[in-house]
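Visitor: A predicted structure for the sequence below; I have some questions about it.
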Amino acid sequence: MDRDAPVGVFDSGVGGLTVAREIMRQIPEERIVYFGDTARLPYGSKSKETVVRFSRQIIRFLRTKQVKAIVIACNTASAYALETVQAESDIPLIGVVNAGARTAIASTHNGRIGIIGTEGTVGSGIYKEVMRRLRPDIEVFEKSCPLFVPLVEEGLLHDSVTDEIASRYLSVLKGKYVDTLVLGCTHYPLLRSTLRRIMGEDVVLVNPAYETAIELRELLESQGIKRNPQSLFTGEKYQFYVSDLAEKFTSFASSILPGEVKKTERINIEDY
Ligand code: DGL
């Protein structure tokens, strides 16, 4: 495997950029090929079968870019598809759920953890399952927040409509006295300031992206495929692909990533 090859990162839309951003920060020597399935978003309200099919297509597309490893930067696809696609793959694949669950367990003091995510992630019960395996006495309270993804995709990150919806969604978790809240959808860290205001300063907000980037670095090291920081870059270090509306994605990505995103290419994912 070529150590110089890029890492593939994918999500249903812009949410996975919160994971890509963390990889760029923690492992700046790595090249990234990002795919956002903007034509078929949201994944959170789709069936497991559909999300597995979409994930397989995206992995086939990313393989055409010679990626050496893939990060499923989407909780819904991690919950529904990771195990299946891992078993089919000869390159390493990781998701975001294990990292998020581990961080939450390490951070809680009162053993009461809240999870917010899409209907798919919450319905799959995956966070509860992984957390209970790590610590059986943990109390987990889950709440799906289906309107958050469209609000983020529309760029309404700081808006009274978002505040109102977030207050309604989170009131049930506030009543459970959780001391840790997992942002169990990669879109949600983009609403961090709103979530922070509503939950209060005492609740730890867990963004699984941070731990996922650490897991990726360790994986690349253990497999001997981490890029040499000294090797020179040829071509674009970061490449972005979507299945719809490339310009909209480019401006959004530029607003949240450390450097300017010059272009995004639109592809027909159904061809893969
Ligand atoms: N950002 C994704 C997640 O982490 C998917 C959101 C969606 O498409 O519903 O679950």
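Guide: Now that the structure is in, tell me what you want to look at.
Visitor: from here on, contacts and neighbour counts on C-alpha atoms
Guide: Fine.
Visitor: ok so G8 is a helix residue?
Guide: No. Counting by DSSP: H, G, I helix; E, B strand; the rest coil, one finds G8 to be strand, located in no helix.
Visitor: surely it meets E30?
Guide: No. G8 is beyond contact range of E30, at 10.5 Å (criterion: Cα atoms under 8 Å).
Visitor: tell me which of these two has more neighbours.
Guide: Using other Cα atoms under 10 Å, the more surrounded residue of G8 and E30 is G8, with 27 against 21.
Visitor: ok, the more buried one to I269 distance?
Guide: Separation of G8 from I269 (Cα to Cα, to the nearest Å): 15 Å.
Visitor: so which residues on the protein come close to the ligand?
Guide: Contact residues (Cα under 6 Å from any ligand atom) of the chain with the ligand: 11-12, 15, 41-44, 74-76, 118, 149, 185-187.
Visitor: which residues of the stretch 101-250 of the chain fall in helices?
Guide: Secondary structure of the stretch 101-250 of the chain (DSSP state H, counting those that start in this stretch): helices located at 119-124, 126-134, 148-153, 160-174, 192-199, 208-222, 246-256.
Visitor: I'd like these laid out as CSV, including mean neighbour count and distance to E88.
Guide: Below are the helices of the stretch 101-250 of the chain laid out as CSV (neighbours: other Cα atoms under 10 Å; distance: least, Cα to Cα, whole Å):
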stretch, mean neighbour count, distance to E88
helix 119-124, 21, 21
helix 126-134, 18, 21
helix 148-153, 20, 29
helix 160-174, 15, 37
helix 192-199, 17, 35
helix 208-222, 19, 18
helix 246-256, 17, 30
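Visitor: would you reformat those as CSV and include mean pLDDT?
Guide: Formatted as CSV, those follow (pLDDT from 0 to 100):
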stretch, mean pLDDT
helix 119-124, 96
helix 126-134, 96
helix 148-153, 94
helix 160-174, 97
helix 192-199, 97
helix 208-222, 97
helix 246-256, 94
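Visitor: neighbours of the residue in the stretch 101-250 of the chain that the ligand sits nearest to, how many?
Guide: Per Cα to the nearest ligand atom, C185 is where the stretch 101-250 of the chain lies closest to the ligand, at 3.3 Å. By the criterion of other Cα under 10 Å, C185 has 29 neighbours.
Visitor: can you check D202 too?
Guide: Residues lying near D202 (other Cα under 10 Å) number 10.
Visitor: which ones are touching the nearest residue to it once chain neighbours are set aside?
Guide: Once flanking residues are discounted, D202 sits nearest to D179: 6.9 Å by Cα to Cα, 6 or more residues apart in numbering. When contacts are counted by Cα atoms under 8 Å, 6 or more residues apart in numbering, D179 touches T108, H109, N110, G111, R112, I113, G114, D202, V203, V204.
Visitor: residue contacts, T250?
Guide: V261, K262, K263, T264.
Visitor: could you dump the residues you listed to CSV with pLDDT and neighbour count?
Guide: Shown next, in CSV, are those (pLDDT from 0 to 100; neighbours: other Cα atoms under 10 Å):
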residue, pLDDT, neighbour count
V261, 94, 18
K262, 92, 14
K263, 93, 17
T264, 97, 20
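Visitor: so which of these comes closest to the ligand?
Guide: Nearest member of the contacts of T250 to the ligand, counting by Cα to the nearest ligand atom, is T264, at 18.6 Å.
Visitor: give me the neighbour count for the nearest residue to I138 once chain neighbours are set aside.
Guide: Spatially, and ignoring its direct neighbours in sequence, I138 is nearest to G111 (5.1 Å; Cα to Cα, 6+ apart). For G111, the neighbour count with other Cα under 10 Å is 17.
Visitor: use 59 as the first number for this chain going forward.
Guide: Okay, residue one is now 59; in that scheme the one you just asked about reads as G169.
Visitor: pretty sure T252 sits against D221.
Guide: Yes. Between T252 and D221 there is a contact under Cα under 8 Å: 6.3 Å.
Visitor: low-confidence ranges in the chain?
Guide: By pLDDT under 70, the chain has no low-scoring segment.
Visitor: show the residue spans covered by the strands in it.
Guide: Counting by DSSP state E, residue ranges of the strands within the chain are 65-69, 90-94, 127-130, 151-152, 170-175, 197-202, 238-241, 262-264, 296-300, 323-324.
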